[in-house]
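J.: predicted structure and sequence below. I'll ask about it afterward.
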Amino acid sequence: MRQQEKLIPYVLIAPSVLFLAVFFIWPLVEALLLSVRGPGGFTLEYFQRMAGDLYFQDAMRNTILLVVVIVPLQLILALSMSMLIGSIGKGRDLYLYIWTIPLGISDLAAGIAWLAIFTERGYFNSMLSALGLVQNPPILLGYESPLTLFLAVVLAELWRATAVVMVILVSGLQLIPKMYSEAAEVFGATPWQRFWRVTLPLLRPSLQSALILRTIAALEVFAVVSALGGRNLVVLAGESYNWYNVNQNPNVAAAYAVLILVMTLAATMLYLRLLPVRAEAQV
Amino acid sequence: MKTRGLYTALALLLSAWVLLPIYLVAVASFSTRNGVFAYPKTLWPDPFSLETITFFFSVDGVWPAVLNSCIVAVLTMLFSLLLGAPAGYALARYTFVGQDAYRLLILLTRAFPLAILAIPLAVRFLQLGLYDTTLGVALVHTALALPFAVLVTSGLFISVPRELEEAAWTLHCTRVQAFFKVVLPLVLPGLAATAIFAFTISWNEVFAATILTLRERTLPAFLLASLNDSPLPFRFAGGLLMVLPPMLFFFAIRKYLFALWGISNR
């Protein structure tokens, strides 16, 4: 009986472990193999084809630029939103519901919503025309206008994915005991000082996980870009899709996938190094 | 008093920022075809019309795609609950060797861009006859939703006092009976919320669904594949249809979602 008792948890987790082994661990290995295994054994041919591709450098640059611009902006916006939620009494739940709506919206739908705004005869140009700023609507999402296309993608991503960061930060803020801030107040710290010296350092574990989660997601940005600009703005995940679907070459597609995986790991390590969370600091 | 007003103004502004794009895509979807291409645009449908929506649903392949999306999402929901809830229960009720390793495995899934893994899977699915099937897509979506299901259900089971279950055992219930008669009714609403969350993850997923299908497209896969050669009214109506179900679902289960994210009222 005792012996059987001990087995229960293993029986309960076994199905999910098996499932993740088949649909998570194994494809991870398989992606690696696809990208380096040619007809005659080990080869770097697919990585060379990837790196030599006409769009590779642009895709790499655009993806990294998007991460570098979007993630910090999201962090600032989400921090402001979570501090604001903390100071709002009435209607807090309603605001929380509205602000978290984008969490349930797919990247494709978000891209389409912003397409309605930034397309040639869209709402943004209509507003410019109503203000008398333009005569003929300019093309904002074309190949010839990389800057406005880039900005449109940044806005759409800010709109769509800031909620994730906010949710993590709001829950992190709730875990910080009020007495720290109150103690600082007793010693005469201004609200600004309390934010920088007390709240922010204590929020470090949440900041770390939010940054990791968002950077990973931003590195695989795809559908938003597709909906807004087609291939006018190339990104790594989009190239992977293109190599698989259009060029029918799963090996080069897998090479792109592996590259994204490696960049993900590198980003995670970087955050763990830059924002170390000491065990005793975890609230 | 002044700062209070400032806070409210900021909160309203942020709410407008979130709601405006959804409103505008809805306006476009409820305009006539001419209205969609009109310039400059008005901030409400002028005139209000169902032309764009009817056009969207009359396009070949839309209904099958919506149906496929529903099938895949329901399968994902079932798989992730059936696989995830037992594991959640194990994490909530037992301490066992290897439980930290298991938690690490669950967390690791979030550290990788999972959808990208559809590429190696597609190659294998072709050989197994799973390529271009709703089942194949649902299996990959389950891999996305399962970690959430495990973590969320474990939180649910922790919230049911162990004593209730033990009381049932002393009243000659078997473990299984005690679970179904005592624990399950208490966590049922939470399980429903978990299921809806899994449904939404699947409903929204684009990359894997597009890679793994050719004719049996889900709605987002169908939309993405036809992005380049479909007229704007079609895209806007499709976008609105993608947005609405998750919005309604999230509204219905918002209390559980807040609890799940750890942002419930103190």
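T.: Looks like it came in fine.
J.: how about the secondary structure of the residue nearest to B:W261 when sequence neighbours are not counted?
T.: Closest residue to B:W261 apart from its sequence neighbours, by C-beta to C-beta, 6 or more residues apart in numbering or on different chains: A:V167 at 4.6 Å. Bear in mind the C-beta positions are built from the backbone N, C-alpha and C, glycine included. Assigned by DSSP: H, G, I helix; E, B strand; the rest coil, the conformation of A:V167 is helix.
J.: can you get me a residue count around A:V167?
T.: By other C-beta atoms under 10 Å in any protein chain shown, 25 other residues sit near A:V167.
J.: so what does the helix or strand hosting A:S206 touch, helix or strand wise?
T.: According to DSSP states H and E, A:S206 maps onto helix A:204-219. Where contact means 3 or more C-beta pairs under 8 Å, 6 or more residues apart in numbering or on different chains; DSSP states H and E, helix A:204-219 is packed against helix A:56-87, helix A:146-175, helix A:250-274.
J.: helices or strands up against the longest one?
T.: Helix A:56-87 makes packing contacts with helix A:92-100, helix A:146-175, helix A:204-219, helix A:236-245, helix B:2-29 when contacts are defined by 3+ C-beta pairs under 8 Å, 6+ apart.
J.: quick check: mean pLDDT across it?
T.: In this model, helix A:56-87 has a mean pLDDT of 95.
J.: kindly report the same for the shortest one.
T.: For helix A:250-274, the mean pLDDT works out to 92.
J.: quick revisit: any residue of the following helix or strand past the helix holding A:S206 touching chain B?
T.: Next helix or strand after helix A:204-219 toward the C-terminus (DSSP H and E): helix A:223-229. Yes. Judged by C-beta under 8 Å from any C-beta of the partner chain, helix A:223-229 comes into contact with chain B at A:A223, A:S226, A:A227.
J.: on that earlier part again, how about residues contacting the helix holding A:S206?
T.: A:63, A:66-67, A:70-71, A:74-75, A:78, A:157, A:161, A:164-165, A:168-169, A:171-173, A:200, A:236-237, A:260, A:263-264, A:267-268, A:271-272, A:275, A:277, A:281-283, B:110-113 (C-beta atoms under 8 Å, 6 or more residues apart in numbering or on different chains).
J.: tell me if the biggest helix by length in chain B is near chain A.
T.: Longest helix in chain B, counting residues (DSSP state H): helix B:62-93. Yes. Under the criterion of C-beta under 8 Å from any C-beta, chain A is reached by helix B:62-93 at B:F79, B:L82, B:L83, B:G84, B:P86, B:A87, B:Y89, B:A90, B:L91, B:R93.
J.: how far does that helix sit from the chain's center?
T.: 10 Å (C-alpha atoms, centre = their mean, to the nearest Å).
J.: circling back to that earlier point, return the most buried member of the helices and strands packed on helix A:204-219.
T.: helix A:146-175 (a mean of 21; mean count of other C-beta atoms under 10 Å in any protein chain shown).
J.: got the angle for that helix vs helix B:2-29?
T.: 130 degrees (axes from the mean of the first three to the mean of the last three C-alpha atoms, to 10 degrees).
J.: just how off-centre is the helix holding A:S206 within its chain?
T.: With C-alpha atoms, centre = their mean, you get 8 Å for helix A:204-219.
J.: where does the prediction get shaky in the stretch 1-150 of chain A?
T.: Applying pLDDT under 70 to the stretch 1-150 of chain A flags residues A:1-2.
J.: now do stretch A:230-249: everything it contacts.
T.: So stretch A:230-249 is in contact with A:50, A:53, A:55-56, A:58-60, A:62-63, A:66, A:141-143, A:146, A:149-150, A:153, A:219-222, A:225-226, A:250, A:252-253, A:256-257, A:259-260, A:263, B:113, B:116, B:119, B:122, B:207, B:210-211, B:227-228, going by C-beta under 8 Å, 6+ apart.
J.: would you mark the buried spots in that stretch?
T.: A:230-231, A:233-245, A:249 (16 or more other C-beta atoms under 10 Å in any protein chain shown).
J.: with stretch B:62-74 instead?
T.: Neighbour-count burial for stretch B:62-74 [16+ other C-beta under 10 Å]: B:V62, B:A65, B:V66, B:N68, B:S69, B:C70, B:I71, B:V72, B:A73, B:V74.
J.: kindly report the same for stretch A:215-230.
T.: A:215-230.
J.: could you flag which of the residues of helix B:62-93 next to chain A are buried?
T.: For those, buried by 16+ other C-beta under 10 Å: B:F79, B:L83, B:G84, B:P86, B:A87, B:Y89, B:A90, B:L91, B:R93.
J.: show me what contacts the closest residue in space to the first one that isn't next to it in sequence?
T.: What that stands for is B:F79. Distances taken as C-beta to C-beta, 6+ apart place B:T142 nearest to B:F79, at 4.1 Å, with adjacent residues excluded. Residues counted as contacts of B:T142 (C-beta under 8 Å, 6+ apart) are A:F19, A:F23, B:L75, B:T76, B:F79, B:S80, B:L83.
J.: immediately after the strand or helix carrying B:T142, which helix or strand?
T.: Per DSSP H and E: B:T142 is located in helix B:134-158. Proceeding N to C from helix B:134-158, the next assigned helix or strand is helix B:162-170, under DSSP H and E.
J.: interface residues of the stretch 51-200 of chain B facing chain A?
T.: B:79, B:82-84, B:86-87, B:89-91, B:93-94, B:96, B:98-99, B:102, B:105-106, B:108-117, B:119-124, B:139-140, B:142-143, B:146, B:150, B:200.
J.: make a PyMOL selection of the buried ones in those residues.
T.: Buried residues within these, by 16+ other C-beta under 10 Å, are selected in PyMOL with:
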select buried, chain B and resi 79+83+84+86+87+89+90+91+93+96+102+105+106+109+110+112+113+114+115+116+117+119+120+121+122+123+124+139+140+142+143+146+150+200
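J.: how much space between B:A192 and chain A?
T.: 16 Å (C-beta to the nearest C-beta, to the nearest Å).
J.: distance from the chain centre to stretch A:115-133, please.
T.: 28 Å.
J.: list the contacts of that stretch.
T.: Against stretch A:115-133 from outside (C-beta under 8 Å, 6+ apart): A:134-135, A:137-141, A:148, A:152, A:227-228, B:21, B:24-25, B:28, B:37-41, B:43, B:232, B:235-236, B:239.
J.: out of those, which are buried?
T.: Using 16+ other C-beta under 10 Å, the buried members of the contacts of stretch A:115-133 are A:137, A:140-141, A:148, A:152, A:227-228, B:21, B:24-25, B:28, B:41, B:232, B:235-236, B:239.
J.: and the helices and strands packed on helix A:56-87 as CSV, adding distance to B:K255?
T.: Listed next are these as CSV, based on distance: least, C-beta to C-beta, whole Å:
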stretch, distance to B:K255
helix A:92-100, 9
helix A:146-175, 14
helix A:204-219, 22
helix A:236-245, 35
helix B:2-29, 19
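J.: A:G86 is nearest to which of these?
T.: helix A:146-175 (6.0 Å; C-beta to C-beta).
J.: check which element follows that closest one along the chain.
T.: Counting by DSSP H and E, what follows helix A:146-175 is helix A:178-186.
J.: and the gap between the residue nearest the centre of chain B and B:W17?
T.: The centre of chain B sits closest to B:T200, judged by C-alpha atoms, centre = their mean, with a distance of 1.4 Å. Distance, B:T200 to B:W17, by C-beta to C-beta, to the nearest Å: 22 Å.
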